[in-house]
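Asks: sequence unknown, structure follows:
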């Protein structure tokens, strides 16, 4: 019963990717050991077989040379008969006899100098020591040759019987016996070659069978395990992506539904003339406005944080003038600093002229980082100043190191909190200050800095303030060619009456947007859906068309594409998206659809007016723009 329970428990166990990885590793190691063993065995067998074959070739060569040496000895002896006192001939004959004798002894007993093994092949031994008696014939022939050489050296006359025996053996029995030995050695070599081929075939077949066995017994089950694990991982990843998409959709919907009424409230409050209400009412209205602004900022912070957390998009560097860029950020936040009687300014630590500060960086991400740090510094500084310091240091021919410090003269951060201030939803509680917001600003700034390949650090001294330092690598950029702009004409362009088409399905937002444009002297036509906007754009020409993205019947991005397509060869109007969904990837999608500017909700008057700068009414042509 216990065994059955354990079996069921094991059956219910779901194998994890780590289990599959370990199992595959074990199987792979076993497979490698088997292949390595087979390969090593085959190599050693072939190696020694080939060495034996090389030795056999030497034996055949030496045996064949014995045949030639026997004929040469007989020839030299016959020459000594005619020239017995020829010392050179005597020496050649002696050396040939010595080599013949040494080789014979090596073929039988083995000789390391000649690389000859001892004679073990039975058929060949029978030739040397059996009926043919090659060993005895060879020794007899050597003895007769030495006797003839001695006689030639001593008396100059070789005995006729000795000479006849030498010639008879060399031309007959000895020669035939040597031929038989060579043939036997050759047969032995051919047999060894056949054995070698058999070994090769055996090793090949064994290795092939081993690989097939591994494929079916080891790798096929392992592949199935890996496929199953990968399937589970992919399903989990798909579920994770779906969860992230669902979360994004929920946040987008919440953002839209929150920002739209917030914008209505804020613009309604802003439209109340101060002279028609008392100071107490104005104070309450200001509180309402600040509360709406806080909610809008919190929604933006959450959306930005989630977007950065789930975004798979790489940074999109573009050329900017860093000096002008940072000055612009400081100028944008100057009203907040002035409201608290703080001094806010940008200080460069670089000796280069502002016109030489061109770099390539993702402007949107860098702007968000510096803005978050400035907001944080202004919020927690009650008196004194906030300074933005910037420095560019050359790394190589193409890259620079950018360091931006945001320093304040606030009360500082306790040392124990420096490690936690960058955590999400952790607002730094500084002395004498109450933290506002969700505590996502610094967390977002560090994550965004990391996305740019940099670091964000903080140092603080109680009572003296804090300094946040951003260090990122940036690419050098050339100063772009720019055409000077006549400032008087630009001012006239901004104030000139434009023909504007507003497409907004929310009646209140439509009224607010129309009034803001009419207040600047522009002519406004309003519709409540995308299809109507396309129809109006086909009926008459507009300088600018402002489209809400989420509209019935036709979305704003779809209407934008249709309007630009039907413009044909005519100059298209400037397309401006008006939306509460302003995450970086969403803005990139709006630009891809053809929008040239994006205005977020609640509508910021300055951003709305910035989207119209440089436009001229239909019919006006630019004849000269000069500096």
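Replies: Everything's here; your move. Since this is a predicted model, take the numbers as computed values, not measurements. Numbering: from 1, shown residues only.

Asks: you'd agree residue 93 is in a helix?
Replies: Yes: assessed with DSSP: H, G, I helix; E, B strand; the rest coil, residue 93 lies in a helix.

Asks: And it, what's its pLDDT?
Replies: Note for residue 93: predicted pLDDT of 90.

Asks: quick check: domain ranges of this structure?
Replies: Using automatic domain parsing, the domain parsing of the chain gives 15-217, 321-476, 487-610.

Asks: Residue 272: which of those is closest?
Replies: Ranking the domains of the chain by their distance to residue 272 (criterion: CB to CB) puts domain 487-610 first, at 13.6 Å. (Each C-beta comes from the backbone N, C-alpha and C, glycine too.)

Asks: Helix, strand or coil: sort out residue 419 for me.
Replies: coil.

Asks: related to what we said a few turns ago, and the domains of the chain: which comes nearest residue 279?
Replies: Among these, domain 321-476 comes nearest to residue 279, with 18.4 Å by CB to CB.

Asks: Any idea how far the closest one is from the middle of the chain?
Replies: 31 Å (CA atoms, centre = their mean, to the nearest Å).

Asks: Now do the end-to-end distance for that domain.
Replies: End-to-end distance for domain 321-476: 11 Å, by CA to CA, to the nearest Å.

Asks: Average pLDDT for it, rounded please.
Replies: 82.

Asks: do stretch 106-113 as well
Replies: For stretch 106-113, the mean confidence score works out to 85.

Asks: contacts for that stretch?
Replies: Applying CB atoms under 8 Å, 6 or more residues apart in numbering, the contact partners of stretch 106-113 are 59, 62-63, 66, 102, 105, 114, 116-119, 128, 135, 181.

Asks: picking that back up, I'd like the domains of the chain written out as TSV, with mean neighbour count and distance to residue 289 added.
Replies: Compiled in TSV, the domains of the chain are given as follows (neighbours: other CB atoms under 10 Å; distance: least, CB to CB, whole Å):
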stretch	mean neighbour count	distance to residue 289
domain 15-217	16	54
domain 321-476	17	13
domain 487-610	18	10
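
Asks: For residue 275, which of those is the nearest?
Replies: domain 487-610 (18.3 Å).

Asks: tell me the average confidence for the closest one?
Replies: Mean pLDDT, domain 487-610: 84.

Asks: Distance from the chain centre to that domain, please.
Replies: 41 Å.

Asks: same check, this time on stretch 205-214
Replies: That offset, for stretch 205-214, works out to 36 Å (CA atoms, centre = their mean).

Asks: which SS state does the nearest residue to residue 340 once chain neighbours are set aside fall under?
Replies: Distance criterion CB to CB, 6 or more residues apart in numbering; nearest residue to residue 340, sequence neighbours excluded, is residue 378 at 6.7 Å. Here residue 378 is helix, with the state taken from three-state DSSP.

Asks: can I assume residue 378 is in contact with residue 337?
Replies: Yes: using CB atoms under 8 Å, residue 378 is in contact with residue 337, at 5.5 Å.

Asks: Between those two, which contacts overlap?
Replies: Common contact partners of residue 378 and residue 337 (CB under 8 Å, 6+ apart): 344, 386.

Asks: just checking, residue 346 is part of a strand?
Replies: Yes: under three-state DSSP, residue 346 falls within a strand.

Asks: Low-confidence bits of the stretch 201-350 of the chain, can you list those?
Replies: Residues of the stretch 201-350 of the chain meeting the criterion pLDDT under 70: 244, 247-260, 262-264, 267, 270-271, 290, 293-294, 296-314, 349-350.

Asks: could you pull out the strands for it?
Replies: 318-321, 343-348 (DSSP state E, counting those that start in this stretch).

Asks: Could you do the chain as well?
Replies: Per DSSP state E, the chain carries strands over the ranges 318-321, 343-348, 358-361, 385-394, 399-408, 455-461, 465-476, 499-503, 523-527, 544-548, 574-579, 597-600.

Asks: Would you check the distance separating stretch 592-611 from the middle of the chain?
Replies: With CA atoms, centre = their mean, you get 36 Å for stretch 592-611.

Asks: my bad, should have said stretch 203-221
Replies: 34 Å.

Asks: any idea how far the residue nearest to residue 340 lies from residue 371?
Replies: 11 Å (CB to CB, to the nearest Å).

Asks: which residues are in contact with both of these two?
Replies: residue 333.

Asks: hang on, the earlier thing: ok, the contacts of stretch 106-113 vs residue 419, which is closest?
Replies: For the contacts of stretch 106-113, the nearest to residue 419 is residue 117 (79.4 Å; CB to CB).

Asks: Give me the pLDDT for the closest one.
Replies: 84.

Asks: what separates the residue nearest to it when sequence neighbours are not counted from residue 59, distance-wise?
Replies: Sequence neighbours aside, residue 110 is the residue nearest to residue 117 in space, at 5.2 Å (criterion: CB to CB, 6+ apart). The gap separating residue 110 from residue 59 is 10 Å, by CB to CB.

Asks: can you check residue 274 too?
Replies: In terms of CB to CB, residue 274 sits 121 Å off from residue 59.

Asks: Quick one: residues contacting the closest residue to residue 384 other than its chain neighbours.
Replies: Excluding its sequence neighbours, the residue lying closest to residue 384 (CB to CB, 6+ apart) is residue 409, at 3.1 Å. Applying CB under 8 Å, 6+ apart to residue 409 gives the contacts 381, 383-386, 464-465.

Asks: quick one, what contacts residue 407?
Replies: Taking CB under 8 Å, 6+ apart, we find residue 407 in contact with 377, 386-387, 389, 465-468.

Asks: Can you name the residues bridging to it?
Replies: residue 387, residue 467 (DSSP bridges).

Asks: can you check residue 320 too?
Replies: Beta-bridge partners of residue 320, as defined by DSSP bridges: residue 359.

Asks: again, but for residue 523
Replies: Beta-bridge partners, per DSSP bridges, of residue 523: residue 499.

Asks: Offset the numbering so it begins at 35, please.
Replies: Got it, first residue is 35 now, which makes that one residue 557.
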